[in-house]
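Student: Build me a model from this:
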Amino acid sequence: MLESYPSVTVRQQVETLQVFTGIETNNRYRILDPDGTDILFAYEDSGFMARQFLGNHRPLSIKVVDPRGAVQLTASRRFFWFLSHLELAGPEGAPAGRVDRRFKLVGRRFDLSDGQGDSLEIHGPMLRPNTFWLKRRGADVGKITKQWSGLGREMFTRADTFHVEFEAPPSAGFSAQPPLSESMRWAVLAAAIAIDLDFFEDRKRRGGMGFSFGGR
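Tutor: Have a look, this model is predicted:
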């Protein structure tokens, strides 16, 4: 399915209760194709008390479903202290890879595996807090970018928007790389949600407009 699209947009949806009271509600996302059509939806399942008191360290499950409601991917994690993780499962519950945050002294890093033997790294330069490069053997093969959602959404809601590019833009500086597989694209989609949880959710909780450069 995702192999049909060079890119997707992950757009967070905001509950009215969350906007006016600051009470943490389950995250929900729309996943749109380049034409702006909904192709998938994602929603969080976690405990109310965990959301209020454990913050981004809480255990949770993210279900990604198609427009008919059929589950295409489940990303789940246990409570953690320092470095986050997501364990991925396919529609039938079979393991489908992992997203693991790694320690990085300067900048941010995730390691991705797709359950089929393929792996990627995600590197977020410290001086470009909204940009995360997908790398295979040191070469850029794609990018996740947090986009400006507009002044009203940025200041008065808690909604983030991410643009996920599954293909590196043409450039003489890029070495030829095989396209990302279907299974790896699902792992990258899960990583975009992990980036929101790890680096932007706490900023939204505080109500600030500054950027987060590391764990919280």
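
Student: now the strands for the chain?
Tutor: 7-13, 28-32, 38-45, 60-65, 71-77, 85-89, 95-102, 108-113, 119-124, 131-136, 139-147, 161-165 (DSSP state E).

Student: Using TSV, please lay out the ones you listed together with mean neighbour count.
Tutor: From N, CA and C alone the C-beta is placed, and that goes for glycine too. Listed next are the strands of the chain as TSV, based on neighbours: other C-beta atoms under 10 Å:
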stretch	mean neighbour count
strand 7-13	19
strand 28-32	20
strand 38-45	17
strand 60-65	19
strand 71-77	19
strand 85-89	20
strand 95-102	19
strand 108-113	21
strand 119-124	19
strand 131-136	20
strand 139-147	19
strand 161-165	21
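
Student: With mean pLDDT and distance to Ala194 added, can I get those strands in TSV?
Tutor: Formatted as TSV, the strands of the chain follow (pLDDT from 0 to 100; distance: least, C-beta to C-beta, whole Å):
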stretch	mean pLDDT	distance to Ala194
strand 7-13	95	11
strand 28-32	96	12
strand 38-45	97	12
strand 60-65	98	9
strand 71-77	98	8
strand 85-89	98	5
strand 95-102	97	5
strand 108-113	97	7
strand 119-124	97	9
strand 131-136	95	10
strand 139-147	93	10
strand 161-165	96	11
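
Student: between those strands, which gets nearest to Leu180?
Tutor: Of all these, it is strand 139-147 that lies closest to Leu180, at 6.6 Å by C-beta to C-beta.

Student: Show which residues not belonging to that closest one make contact with it.
Tutor: Outside strand 139-147, the residues within contact range by C-beta atoms under 8 Å, 6 or more residues apart in numbering are 9, 120, 122, 130-135, 160-168, 174-175, 177, 180, 188, 191-192, 195-196, 200.

Student: in its sheet, what does it sit against?
Tutor: Strands that pair with strand 139-147, judged by DSSP bridges, come out as strand 131-136 (antiparallel), strand 161-165 (antiparallel).

Student: got a pLDDT number for Arg216?
Tutor: If you check Arg216, the pLDDT there is 34.

Student: Numbering from 413 from now on, please.
Tutor: Fine by me, first position is 413 from now on; the one you just mentioned is Arg628.

Student: residues in contact with stretch 469-487?
Tutor: For stretch 469-487, the surrounding residues in contact (C-beta under 8 Å, 6+ apart) are 413, 439, 443, 450-459, 462-463, 488-493, 496, 498-503, 505, 508, 511, 598, 601-602, 605-606.

Student: contacting residues around Ser593?
Tutor: Ser593 touches 415, 526, 528, 530, counting by C-beta under 8 Å, 6+ apart.

Student: Isn't the second one up against Leu601?
Tutor: If I follow you right, that is Asp526. No: using C-beta atoms under 8 Å, Asp526 makes no contact with Leu601, being 11.2 Å away.

Student: neighbour-wise, which of these two wins?
Tutor: Neighbours were counted for Asp526 and for Leu601 using other C-beta atoms under 10 Å; Leu601 has more, 27 against 21.

Student: Which residue is the nearest non-sequential neighbour of the more buried one?
Tutor: Distances taken as C-beta to C-beta, 6 or more residues apart in numbering place Val576 nearest to Leu601, at 6.5 Å, with adjacent residues excluded.

Student: Is that neighbour in contact with Val600, as I believe?
Tutor: Yes: with contact defined as C-beta under 8 Å, Val576 and Val600 form a contacting pair (6.3 Å).

Student: Quickly note the distance from the spatially closest residue to Trp598 that is not a sequence neighbour to Lys547.
Tutor: Closest residue to Trp598 apart from its sequence neighbours, by C-beta to C-beta, 6+ apart: Leu485 at 5.3 Å. Separation of Leu485 from Lys547 (C-beta to C-beta, to the nearest Å) stands at 22 Å.
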